[in-house]
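In: dropping the sequence and predicted coords here.
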Amino acid sequence: MDITRRRLLALLPAAAVAWKYVLAGTPEASPNYKLTEHWWGMLIDIPKCIGCGSCVRACAEENDVPEGYYRTWIERYHVADWKIERPEVESPDGGKQGFPPHADDGGKNFFVPKLCNQCAESPCTQVCPVGATFVTPDGVVLVDKSYCLGCRYCIQACPYGCRFLNPKTNTAEKCSLCYHRITKGLTTACCEVCPTGARQLADLKNPKDPIHEFLKTHTVQVLKPHMATGAKVFYNGMDGSVR
Amino acid sequence: MFKDIEHLIRLAAVIAVALVAFVILRAAVVPHSFGQYGHYRGAAIGETASRPIAFAGHDACEGCHTDVVDQKKLGKHVVVACEACHGALAKHADDPGSVQPTKLDTAIVCARCHEANSAKPQGFPQVATADHSGGLACDTCHQPHRPKIEAEGKK
């Protein structure tokens, strides 16, 4: 977009109004929701994932994710019998339309859904120069798109590749764990549509949440634990080849 | 003492004015809710939460479509949420009269999950649709809400 002096001057009143809105903010959407009573995460049960792509499609629809960008995506892993150290990973269109049938070439094949890990010590929020991305008191990493400058530091900092620059708004974007849903007592769009229960929203501060029993009775891992990001997306049955 | 102390006083005055201007400007420009919870705009939490939903959630469906709920309870698809196949329907839940879901093509929708793939879990029911049905729509034989085909008369 070409910005001429005339155009810039014409935009100034609109910018002033927008800034006033940014200064004031809007009130809390769910008055009964208490930030301090929740600590959100997610459980992903890899042996249950069928790679149907329902989560990717639902996420795109729920969150208005631009074509070709993904807040969540599915990877198909192929670990050959003789080349365990070099797994082949593919994710055509983020797995949105499922995966083409593969010749059963032996080895180990499985799907891994990915999304923002909602890190408690998130590298992306640590690098943001303006405080446009942050961990909420209930443990969700959000982006304040009216404050984001689009500098892309956070996109580089995320060790999981979960962020992208929205080409329409030119601001950083990522999975918000459907914050507009979970604060209303609903589950996330991806968990809602997952037909096998491979994805489950977890509230770690809720003692009645089935996540606690699951974590006690299963061997659960997070992605890149050596980076100490405090990731809260827990993977059950994850193969060592998953990056 | 200094001979030209008025120079220092003038300098101090300039710095004092600049400082006051900075404090006033900062108060005017920094959003009110910045720092409410941390080094960010606290109001952004409420703004993110106020976004409208697209998927109504299965509780919303079950309120009206009790016949389908009863059908699903008899089969394995009891665990599959309505919107997994029918798509986002919060608008339909808000206004069932004017927003109607579109009819699904079972030849496409069923295959999304049940098309055979070596990466799918072993126990999950899979078919190569080309061999299994030869392009026929799945609902020719299967009832999608209760997919197991049972003996005639029992249905």
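Out: Received, thanks.
In: may I see the buried residues of the longest helix that chain A contains?
Out: Taking DSSP state H as the criterion, chain A has its longest helix at helix A:5-24. Neighbour counts using 16 or more other Cβ atoms under 10 Å in any protein chain shown place A:V22, A:L23 of helix A:5-24 among the buried residues. Any C-beta I mention is one placed from the backbone N, CA and C, and that applies to glycine too.
In: which residues touch it?
Out: Contact with helix A:5-24 is made by A:S146, A:Y147, B:P31, B:H32, B:R41, B:A43, as judged by Cβ atoms under 8 Å, 6 or more residues apart in numbering or on different chains.
In: in chain A, where is pLDDT below threshold?
Out: Scanning chain A for pLDDT under 70 picks out A:1-2, A:24-30, A:104.
In: ok, which stretches of it are strands?
Out: Secondary structure of chain A (DSSP state E): strands at A:40-45, A:72-79, A:88-90, A:108-115, A:133-135, A:141-143, A:164-165, A:172-173, A:199-203, A:220-221, A:233-236.
In: turn those into JSON lines, columns for distance to chain B.
Out: Formatted as JSON lines, these follow (distance: least, Cβ to the nearest Cβ, whole Å):
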{"stretch": "strand A:40-45", "distance to chain B": "10"}
{"stretch": "strand A:72-79", "distance to chain B": "5"}
{"stretch": "strand A:88-90", "distance to chain B": "10"}
{"stretch": "strand A:108-115", "distance to chain B": "4"}
{"stretch": "strand A:133-135", "distance to chain B": "4"}
{"stretch": "strand A:141-143", "distance to chain B": "5"}
{"stretch": "strand A:164-165", "distance to chain B": "17"}
{"stretch": "strand A:172-173", "distance to chain B": "12"}
{"stretch": "strand A:199-203", "distance to chain B": "12"}
{"stretch": "strand A:220-221", "distance to chain B": "18"}
{"stretch": "strand A:233-236", "distance to chain B": "13"}
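In: same list, those, but as CSV with mean neighbour count and distance to B:L104 please.
Out: Listed next are these as CSV, based on neighbours: other Cβ atoms under 10 Å in any protein chain shown; distance: least, Cβ to Cβ, whole Å:
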stretch, mean neighbour count, distance to B:L104
strand A:40-45, 24, 27
strand A:72-79, 22, 22
strand A:88-90, 14, 28
strand A:108-115, 22, 23
strand A:133-135, 24, 39
strand A:141-143, 25, 34
strand A:164-165, 18, 31
strand A:172-173, 24, 30
strand A:199-203, 21, 22
strand A:220-221, 17, 35
strand A:233-236, 21, 31
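In: give me the buried entries from the contacts of helix A:5-24.
Out: The neighbour count (16+ other Cβ under 10 Å) marks A:S146, A:Y147, B:P31, B:R41, B:A43 as buried among those.
In: residue ranges for the helices of chain A, please.
Out: Taking DSSP H as the test, the helices found in chain A are A:5-24, A:54-63, A:123-127, A:153-157, A:179-182, A:189-193, A:211-217.
In: spit out the contact partners of residue 129.
Out: In the absence of a named chain, chain A is used. A:P129 makes contacts with A:L149, A:C151, A:Y153, as judged by Cβ under 8 Å, 6+ apart.
In: my question was about chain B, not that one.
Out: B:A107, B:C110, B:A111, B:H114, B:E115, B:G135.
In: make a PyMOL selection of the buried ones in those residues.
Out: Remark: buried members of the contacts of B:T129, expressed as a PyMOL selection using 16+ other Cβ under 10 Å:
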select buried, chain B and resi 110+111+114+115
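In: from the contacts of B:T129, which two are the most distant?
Out: Farthest pair in the contacts of B:T129 (Cβ to Cβ) is B:H114 and B:G135. Separation: 14.7 Å.
In: ok, the closest residue to A:A189 other than its chain neighbours - contacts?
Out: Nearest residue to A:A189 in three dimensions, chain neighbours excluded: A:E62, at 3.6 Å (Cβ to Cβ, 6 or more residues apart in numbering or on different chains). Contact analysis of A:E62 by Cβ under 8 Å, 6+ apart lists A:C178, A:R181, A:A189, B:I53, B:A54, B:F55, B:A88.
In: go through those and say which is closest to B:Q100.
Out: B:A88 (13.5 Å).
In: give me the pLDDT for that closest one.
Out: Per-residue confidence (pLDDT) for B:A88: 95.
In: measure it to chain A for me?
Out: Distance from B:A88 to chain A, counting by Cβ to the nearest Cβ, to the nearest Å: 5 Å.
In: outline the domain layout of chain B.
Out: Chain B resolves into domains spanning B:5-49, B:54-101, B:103-155 when parsed by automatic domain parsing.
In: grab the longest helix from chain B for me.
Out: Under DSSP H, chain B gives helix B:5-29 as its longest helix.
In: next SSE downstream of it?
Out: Of the helices and strands lying after helix B:5-29 in sequence (DSSP states H and E), the nearest is helix B:43-49.
In: going by contacts, tell me the helices and strands next to that following helix.
Out: strand A:141-143, helix A:179-182 (3 or more Cβ pairs under 8 Å, 6 or more residues apart in numbering or on different chains; DSSP states H and E).
In: dump the ones you listed into JSON lines; add distance to B:K120 as well.
Out: Shown next, in JSON lines, are the helices and strands packed on helix B:43-49 (distance: least, Cβ to Cβ, whole Å):
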{"stretch": "strand A:141-143", "distance to B:K120": "31"}
{"stretch": "helix A:179-182", "distance to B:K120": "28"}
